[in-house]
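Participant: When you get a sec, could you give me coordinates for this:
(one chain, ligands or ions: 1)
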Amino acid sequence: MFASRPCPIPPAVHFLAAAALGFVLIACGESGDPEARMPGSPDSASPPSDTSAPLPTGEALVLTNARLWDGTGAPPIENGAVSIRAGVILEVGPAGQVAIPDGAEIVDLGGRWLQPGLINAHGHVGPDGERSSVPEQLEIYAHYGITTVLSLGDEAESLRSERWSRELRRARLFVSGPRTGATSEDAAAEVVAERAQAGADWIKAALVGAGDPASVRWIIESARNRGLPVAVHIEELEPARAIVEAGASLVAHSVRDLPVDEALLALMRERGVCVTPTLTRELSTFVYAERPEFFDDPFFLERSAPDDLEAFLTPQRQAQAESSQAIYWRDALPLALENLRRKHQAGVGIAMGTDSGPSGRFQGYFEHVEMEMMVEAGMPAEAVLVSATGGAARCIGLDGIIGTIEPGVWADLLVLEADPRQDIRNTRSIHSVWLAGNRVR
Ligand SMILES: [Zn+2]
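Facilitator: Sure, this is the predicted structure:
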């Protein structure tokens, strides 16, 4: 029956989804080397024309007896099952209604919680003297259930290449290249051309000089001509309004200087512009004034803790966390929380994003802290979970490709011992993590 099953086409095709679509079609409609047709490669613009071709004979897998929460916000399916072939979801539904592919491995999840893997829509992955290697950073994210990272401001193109592989065992990586602003229209065109040439999925922009919004407007216009979405580093209300008006796709931090007003909320909602709150970015500026409690958290110590944890306990490092700058961020945090609550209540798209990666912002662990802080801000736990799965995918243009448990979507999955809607900290009760149907934890 699988040979004749039509290959589902994602409902919304935009941004990256257009580029990735070729891949989903290949993964579920045609055998072949996925690496050879990754987005950005010369033939990526031509997906296979015959999508009714026999499905590949790759390994099939069925996860069954799960409380299956699909990442859209729909209630879980009790005793649910999902069938997977070649890394892509085939069918989803109550166990017994999902066909078992010939020769499929069947995994009984014993009634555990099954949801999409988590998406960090604002991280930093890159070669940095202080940090582990890029492959290890992506392994650490995956260990903690973060199955996709959009890196906004580092260069790590080398590992983009594996993101559509059926053998994937590290977090999927999307990149923007270095953060940029421009002092002229020509300079903007040049830098965007450079990024596009380097294979960036996004452009990460920031205001330059005295904060003239034109510096970002030029970038946005050049990026639009190349079909590239723009994420903008923003922390204040007026620049946020200016860049959303100019056509930015993602506000990369919370506004923390003034309460967000109805006009900005309406504009963001109408234009479908999302925000990554990055609350843990604020936390990281002041939390090391003393020894943070999480230094003793076994979950943190599993993979996030670096060898030089002691470096955070020196008097110099502790003084840095009490500098006037750190205190500014500490005092701005309550307003960032309040603004997140307002944005959520106004129906603005929220994509879980942490700014993890730089020193003191621990990849993998901080995503779980971020979700806890989002609940603290006043978002219901289930809304936070959507913002880290299906909602995040929509915000970064990858809905129908990742982020939900639906036919045609990559099988990036997280299995938990307990329902995270009851307590967001249950995202830490990880039983297993799956990338493209491969168990990685
Ligand atoms: Zn950042």
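
Participant: In contact with the nearest residue to A246 once chain neighbours are set aside, which residues?
Facilitator: Excluding the flanking residues, the one nearest A246 by C-beta to C-beta, 6 or more residues apart in numbering is R217, at 4.3 Å. Backbone N, C-alpha and C define where each C-beta goes, glycine included. Listed by C-beta atoms under 8 Å, 6 or more residues apart in numbering, the contact set of R217 reads A242, I243, A246.

Participant: can you redo these as JSON lines with pLDDT, secondary structure and distance to D257?
Facilitator: What follows is these, written out as JSON lines (pLDDT from 0 to 100; DSSP: H, G, I helix; E, B strand; the rest coil; distance: C-beta to C-beta, whole Å):
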{"residue": "A242", "pLDDT": "92", "secondary structure": "helix", "distance to D257": "14"}
{"residue": "I243", "pLDDT": "93", "secondary structure": "helix", "distance to D257": "15"}
{"residue": "A246", "pLDDT": "93", "secondary structure": "helix", "distance to D257": "19"}
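
Participant: before we move on, the earlier item: and the residue nearest to A246, what element?
Facilitator: helix 214-225 (DSSP states H and E).

Participant: what packs against the helix or strand following that helix?
Facilitator: Using DSSP H and E, the helix or strand that follows helix 214-225 towards the C-terminus is strand 230-233. Other elements packing on strand 230-233 under the criterion 3 or more C-beta pairs under 8 Å, 6 or more residues apart in numbering; DSSP states H and E are strand 203-206, helix 214-225, strand 250-251.

Participant: Go again with 7 Å.
Facilitator: On a contact count with 3 or more C-beta pairs under 7 Å, 6 or more residues apart in numbering; DSSP states H and E, strand 230-233 meets strand 203-206, helix 214-225.

Participant: Pull the residues that contact the first one.
Facilitator: Meaning strand 203-206. 152-153, 176, 179-181, 192, 195, 216, 219, 223, 228, 230-233 (C-beta atoms under 7 Å, 6 or more residues apart in numbering).

Participant: buried subset of those residues?
Facilitator: Neighbour counting by 16 or more other C-beta atoms under 10 Å classes 152-153, 176, 179-181, 192, 195, 216, 219, 223, 228, 230-233 among the contacts of strand 203-206 as buried.

Participant: for stretch 351-360, which positions count as buried?
Facilitator: Neighbour-count burial for stretch 351-360 [16+ other C-beta under 10 Å]: A351, M352, G353, T354, D355, S356, G357, P358, G360.

Participant: can you put these in a markdown table and add distance to Y328, secondary structure and pLDDT?
Facilitator: Shown next, in a markdown table, are the buried residues of stretch 351-360 (distance: C-beta to C-beta, whole Å; DSSP: H, G, I helix; E, B strand; the rest coil; pLDDT from 0 to 100):
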| residue | distance to Y328 | secondary structure | pLDDT |
| --- | --- | --- | --- |
| A351 | 25 | coil | 98 |
| M352 | 24 | coil | 98 |
| G353 | 21 | coil | 98 |
| T354 | 20 | coil | 98 |
| D355 | 16 | coil | 96 |
| S356 | 21 | strand | 96 |
| G357 | 22 | coil | 93 |
| P358 | 18 | coil | 92 |
| G360 | 16 | coil | 95 |
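
Participant: I'd like these as JSON lines, with distance to F294 appended.
Facilitator: Formatted as JSON lines, those follow (distance: C-beta to C-beta, whole Å):
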{"residue": "A351", "distance to F294": "24"}
{"residue": "M352", "distance to F294": "18"}
{"residue": "G353", "distance to F294": "19"}
{"residue": "T354", "distance to F294": "14"}
{"residue": "D355", "distance to F294": "17"}
{"residue": "S356", "distance to F294": "13"}
{"residue": "G357", "distance to F294": "17"}
{"residue": "P358", "distance to F294": "17"}
{"residue": "G360", "distance to F294": "12"}
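
Participant: sorry, back to before: quickly note the distance from the residue nearest to A246 to G227.
Facilitator: 18 Å (C-beta to C-beta, to the nearest Å).

Participant: what does I106 give?
Facilitator: From I106 to G227 the distance is 42 Å (C-beta to C-beta).

Participant: How about L63?
Facilitator: 36 Å.

Participant: of the two, who's got more company?
Facilitator: Taking other C-beta atoms under 10 Å, L63 and G227 do not tie; L63 has more neighbours (28 against 12).

Participant: Surely the more buried one is within a helix?
Facilitator: No. Checked against DSSP: H, G, I helix; E, B strand; the rest coil, L63 lies outside a helix; its state is strand.

Participant: can you list contacts of the helix of greatest length in the chain?
Facilitator: What stands out as the longest helix in the chain, according to DSSP state H, is helix 324-345. Contacts with helix 324-345, where a contact means C-beta under 7 Å, 6+ apart, come from 254-256, 259-260, 265, 275, 277, 279, 282, 285-286, 320, 350, 374, 376-379, 383.
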